[in-house]
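Student: sequence plus predicted model, see below.
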Amino acid sequence: MGDKGDVGVAGPAADQLLRREAPVRGKVGQPSVPMSLNPDGAFAVGIKIGRRSADWLLVDFTGEVRERIVLPYAFPDAATLLPAIESNLNRLLEGLGALRDRVVGVGVAAPFQLGGWHRMLGLTPAQSEAWNHLDLGEAVQAMTPLPVSFAKDTAAGCVAELLQGRGRETRNFLYLFLDTFIGGGLVVNSHLHRGRLGNAGAVASLPLAVAGAGTGQPAQLISQASLWDLEQRYRAHGLEPMAAYDARALEVPWLAHTREWTRHAAQALAHCIVSGTAFLDMEDVVIDGAATPLLQQDLIAQTALALQDYNWEGLVAPPRLVPGLIGPDARALGGALLPLHQAFSPEHDVFLK
């Protein structure tokens, strides 16, 4: 973010953005007075709309989450979710009291087509069409006078990882986020690469085989390496499917099915990573998601083993596999970081031109 002389945004005065720390004494001359960002200097709201839940985060000037609201659901119904978006946004804003005028914007993170793959989730065609014909960013903008930014959900998660996670140590990485459906993002030279239509890193659609005459379409990565698949394995054995998202996944009686899914998903992820390496020659693959961290660690380890089965001739070496540092908040946090970054560091665009 910019220093005191850089701030050119309407709203918080420049002298509200910094605070004086305790003087540093013991050196020649006058004691120096360190300056730091004032957490109360500015705020933004990040809203993540997913296929199984919605999240609202109030984020301060240092990028810390101050307040959160989580709304789980079986599937996103536009008629009920849109009013909830507005009411929870207003709830966070009103909770700031006198600091409300320091909110610089709202960031919305959601799949480009929230109704996509609707048969997997059990949405009716009408419910799917309601989302696919809705401009969600425009709908949220109609709810507030604050400026609203919109990004694909996993691209927003990738922004959070870029600004507050692994992006501080690596300049190029493929970002994979496992939730109900897997998704991805791509960082090139420390900038998010959006692609022609803003959909770069759309790994969910990656085919896992070559289509042959009369054999039908090959399976996509989404069906092999998403937590939705783990849910179905639990459901088929009469187990609570939502255990896929918490520590129960590593407990009896879920554990045996989790291990089977992990081996299967790791093979699919390895295919994705080898394909990505051939095109992108990236340094790292960052794997994050909504599952419990221990499950994600096991998945990373299994994927590393699966990569050893591939022929790397001509590709030099596999990229490093590392866990993401943000976790389930990544998409909503990235949504909030976008307006903060745009307001105070417009000269340092996170997007690749």
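Tutor: Ah, there it is.
Student: can you show me the strands along the stretch 1-150 of the chain?
Tutor: Along the stretch 1-150 of the chain, the segments classed as strands by DSSP state E, counting those that start in this stretch run 18-20, 35-37, 43-49, 53-60, 65-72, 103-110, 148-152.
Student: restrict the third one to CA atoms and write it as CSV.
Tutor: Read it as strand 43-49. Output in CSV follows, covering the C-alpha atoms of strand 43-49 (Å, rounded to 0.1, in the frame of the first residue of the first chain):
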residue,chain,number,x,y,z
PHE,A,43,-11.8,-1.2,5.7
ALA,A,44,-13.2,-3.4,2.9
VAL,A,45,-15.8,-6.1,2.7
GLY,A,46,-15.2,-9.3,0.9
ILE,A,47,-18.1,-11.5,-0.1
LYS,A,48,-17.6,-15.1,-1.4
ILE,A,49,-20.6,-16.8,-3.0
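Student: tell me the average confidence for it?
Tutor: Throughout strand 43-49, pLDDT has a mean value of 97.
Student: give the burial count for the closest residue to E86 other than its chain neighbours, as a bare number.
Tutor: Leaving aside its chain neighbours, E86 sits nearest to M143 (4.4 Å; criterion: CB to CB, 6 or more residues apart in numbering). Using the backbone N, CA and C atoms, a C-beta is placed for each residue, glycine as well. M143 has 16 neighbouring residues, counting by other CB atoms under 10 Å.
Student: show the contacting residues for W56.
Tutor: Each residue near W56 by CB atoms under 8 Å, 6 or more residues apart in numbering is listed here: V45, G46, I47, R68, I69, V70, N88, L89, L92, A332.
Student: quick check: the gap between the closest residue to it other than its chain neighbours and V252.
Tutor: Among residues not flanking W56 along the chain, I69 sits closest, at 4.2 Å (CB to CB, 6+ apart). Here the criterion is CB to CB, to the nearest Å. By it, I69 lies 33 Å from V252.
Student: with neighbour numbers in mind, choose between the two.
Tutor: Comparing I69 with V252 by neighbour count (other CB under 10 Å), the higher total belongs to I69, at 17 against 7.
Student: hmm, the more buried one is touching D55, no?
Tutor: Yes: using CB atoms under 8 Å, I69 is in contact with D55, at 7.1 Å.
Student: quick check: phi and psi at F61.
Tutor: phi -70, psi -20 (degrees, to the nearest 10).
Student: ok, which stretches of the protein are helices?
Tutor: With DSSP state H applied, the chain shows helices at 78-95, 118-121, 125-132, 136-141, 153-164, 227-236, 255-280, 293-307, 330-344, listed in chain order.
Student: these: lowest mean pLDDT?
Tutor: Note on these: lowest mean pLDDT is at helix 118-121, with a mean of 73.
Student: center of the chain - which residue?
Tutor: Nearest to the geometric centre of the chain sits G157, at 2.1 Å (CA atoms, centre = their mean).
Student: ok, and the closest non-adjacent residue to that residue?
Tutor: The nearest residue in space to G157 (CB to CB, 6+ apart) is A330, at 3.6 Å.
Student: my guess is G107 contacts A156, does it?
Tutor: Yes: counting by CB under 8 Å, A156 is a contact partner of G107 at 6.9 Å.
Student: which residues are in contact with each of these two?
Tutor: Applying CB under 8 Å, 6+ apart, one finds that G107 and A156 are jointly contacted by G46, G334, G335, L338.
Student: what about the residue nearest to A139 when sequence neighbours are not counted, how many neighbours?
Tutor: In space, A139 comes closest to L82 once its chain neighbours are excluded; the distance is 6.2 Å by CB to CB, 6+ apart. Neighbours of L82 under the rule other CB under 10 Å: 19.
Student: from T124, how far off is L82?
Tutor: Distance from L82 to T124, by CB to CB: 17 Å.
Student: contacting residues for S53?
Tutor: Residues in contact with S53 (CB under 8 Å, 6+ apart) are V70, L71, P72, Y73.
Student: give me the PyMOL select line for the residues you listed, limited to the buried ones.
Tutor: Buried members of the contacts of S53 can be picked out in PyMOL with the line below, counting by 16 or more other CB atoms under 10 Å:
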select buried, resi 71
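Student: redo the contacts of S53 as JSON lines? Include distance to I326 and pLDDT.
Tutor: Shown next, in JSON lines, are the contacts of S53 (distance: CB to CB, whole Å; pLDDT from 0 to 100):
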{"residue": "V70", "distance to I326": "16", "pLDDT": "97"}
{"residue": "L71", "distance to I326": "20", "pLDDT": "96"}
{"residue": "P72", "distance to I326": "20", "pLDDT": "93"}
{"residue": "Y73", "distance to I326": "23", "pLDDT": "89"}
